[in-house]
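Student: I would like the atomic coordinates for the input below:
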Amino acid sequence: MHFKIESIKGHKYLYLVENAMVDGKHKRVMHKYVGSPEQVQKMLEGTRNIKLRSYSFGRPAALLHAAERLDLVEIIDRNVDKRDVKGLTVGQYAMLLITARTEGTLSRNQVERWFNKSVLQFILFPQYSLSSKNLINQMNRLDEGTIEAIERDLAARLIELGEDVNKLKSDKTTLASDLEEAKRLAEELKRKQELQQARLATFRNMLSRFREMINSGKLRVRIVRGRMVVEMSSNILFPSGKAKLTDEGQEALAQVASVLATIPDRDFQVAGHTDNVPINTAKFRSNWELSTERSVTVVKFLQDAGVDAVHLSAAGYAEYQPAASNETKEGKAQNRRIEIVLMPNLDELPDLSSLESEAKQGN
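Tutor: Sure thing, here's the model as predicted:
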């Protein structure tokens, strides 16, 4: 149910409108006059805690009108093998994804955000919520033979409506390409979900194996900007102002190495951090040198303890990425630390191939 403003002879009138599925088709079941916008505003004067939200519904409305005229959802569902699937049908998912293309080529997350901000959530399928699992399952049912059958039925429907089918077939944005794009989005979603599950399994396994060290206070694990970070205090690993590991530090790092060495195909960056107390010795002229030397020391120890050096790197950040305020003794202690960051694999990074031509133009 939603409000709709209609213009009649230059005057605007507000109607309460409700659409619903009737006999498998979208029908308007209520169209009730509420009043002019001015009258509604007067009714609301002095009323508190009322939130109004507006939605853009231009281009999607045009597509939905064409889809309804074509009986698009019915034709798609008629040609798909019948299964007892709860939620949206293949035709409904296809229409939703095709409509989303009015915003360009969208990823699964972008489609969800677009739909949740669109008026479509209220007027199309208010009784259902989008299901990623059902989306994948439904789109996988659109094989080549099914798409050809759908196109034949659509062509017949277009002829029935008096449209020039040959002219429409020459259009590059045919239904087939839209349906293929819908399938591509579904397959991309499935791949990303599998990668996410594998990544979460790795994180959970590490947390479980580090639990004893976490409970003893030797390290803590944080998730920072989507990356798992194993954090160890420099007070345990190094003497003050030094980059040589203590006996306690070597023992703790040996436990960490035994876990990291069992994780395949994952890069680790060791990052050294200090507090903001300046240092100026013969070996360390500043905290840059101290933090970097400490990270290199840890990398070498991990390598000797069995972690593949191909997957290791070192970095020093001095005092410039504090974990806490340097105004207190406790904060300074938190900032003197070594972090081991699980770096994302290439397949976990965003696809930037579309920027390659732009980058070349700037060189």
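
Student: Low-confidence ranges, the stretch 151-300 of the chain, go.
Tutor: For the stretch 151-300 of the chain, applying pLDDT under 70 flags the ranges 163-179.

Student: for it, what spans make up the helices?
Tutor: 165-169, 175-215, 234-237, 247-260, 287-304 (DSSP state H, counting those that start in this stretch).

Student: and of the ones you listed, who's closest to Thr274?
Tutor: Closest of the helices of the stretch 151-300 of the chain to Thr274 is helix 287-304, at 4.3 Å (criterion: C-beta to C-beta). C-beta: built from backbone N, CA, C; applies to glycine.

Student: Work out the gap between that closest one and the centre of the chain.
Tutor: On the basis of C-alpha atoms, centre = their mean, to the nearest Å, helix 287-304 sits 35 Å off its chain's mean C-alpha point.

Student: coming back round to it: make a markdown table from the helices of the stretch 151-300 of the chain and add distance to Tyr320 to it.
Tutor: Output for the helices of the stretch 151-300 of the chain, formatted as a markdown table (distance: least, C-beta to C-beta, whole Å):
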| stretch | distance to Tyr320 |
| --- | --- |
| helix 165-169 | 60 |
| helix 175-215 | 27 |
| helix 234-237 | 16 |
| helix 247-260 | 23 |
| helix 287-304 | 9 |
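
Student: right, and those helices - which one's nearest Ala149?
Tutor: Using C-beta to C-beta, the helices of the stretch 151-300 of the chain put helix 175-215 closest to Ala149, at 11.5 Å.

Student: still on that earlier bit, what's the closest of the helices of the stretch 151-300 of the chain to Ile223?
Tutor: helix 175-215 (8.0 Å).

Student: The closest one versus helix 247-260: what angle between them?
Tutor: Angle, helix 175-215 to helix 247-260, by axes from the mean of the first three to the mean of the last three C-alpha atoms, to 10 degrees: 150 degrees.

Student: Which strands or helices does helix 175-215 pack on?
Tutor: helix 90-100, helix 108-117, helix 132-139, helix 144-160, strand 220-224, strand 227-233, helix 247-260, strand 337-342 (3 or more C-beta pairs under 8 Å, 6 or more residues apart in numbering; DSSP states H and E).

Student: Next, the contact list for Ser233, please.
Tutor: Ala333, Gln334, Arg336, Arg337 (C-beta atoms under 8 Å, 6 or more residues apart in numbering).

Student: number of nearby residues for the closest residue to Gly226 other than its chain neighbours?
Tutor: Counting by C-beta to C-beta, 6 or more residues apart in numbering, Gly226 lies nearest to Pro344, which is 7.6 Å off, once chain neighbours are set aside. When neighbours are counted by other C-beta atoms under 10 Å, Pro344 registers 14.

Student: would Pro344 count as being in a strand?
Tutor: No - assignment of Pro344 by DSSP: H, G, I helix; E, B strand; the rest coil gives coil, placing it outside any strand.

Student: Look up how far Arg204 lies from it.
Tutor: Noted for Pro344: a distance of 17 Å to Arg204, by C-beta to C-beta, to the nearest Å.

Student: Kindly reformat the helices and strands packed on helix 175-215 as a markdown table containing distance to Glu194.
Tutor: Shown next, in a markdown table, are those (distance: least, C-beta to C-beta, whole Å):
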| stretch | distance to Glu194 |
| --- | --- |
| helix 90-100 | 20 |
| helix 108-117 | 13 |
| helix 132-139 | 11 |
| helix 144-160 | 24 |
| strand 220-224 | 20 |
| strand 227-233 | 19 |
| helix 247-260 | 23 |
| strand 337-342 | 18 |
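
Student: Point out the one among these that comes closest to Ile75.
Tutor: helix 144-160 (4.7 Å).

Student: now for the closest one, which elements pack on it?
Tutor: Short answer (3+ C-beta pairs under 8 Å, 6+ apart): helix 144-160 packs on helix 59-70, helix 72-79, helix 165-169, helix 175-215.

Student: just the angle between the last one and strand 337-342, please?
Tutor: With the same axes, to 10 degrees defining the directions, helix 175-215 sits at 150 degrees from strand 337-342.

Student: Quick one: distance of helix 175-215 to the chain centre.
Tutor: 11 Å.

Student: re earlier: going by distance to Val40, which of the contacts of Ser233 wins?
Tutor: After measuring these against Val40 - C-beta to C-beta - the closest member comes out as Gln334, at 56.2 Å.

Student: per-residue confidence for the residue lying closest to the closest one once chain neighbours are set aside?
Tutor: Residue nearest to Gln334 in three dimensions, not counting chain neighbours: Ala324, with 4.1 Å by C-beta to C-beta, 6+ apart. The per-residue pLDDT reported for Ala324 equals 92.

Student: ok, Ala324 touching Arg336?
Tutor: No - between Ala324 and Arg336 there is no contact under C-beta atoms under 8 Å: 10.4 Å.

Student: Which one of the two is surrounded by more residues?
Tutor: Arg336 (23 against 14).

Student: now that one, nearest residue through space, not along the chain?
Tutor: Spatial nearest neighbour of Arg336, chain neighbours left out: Ser234 (4.0 Å); criterion: C-beta to C-beta, 6+ apart.
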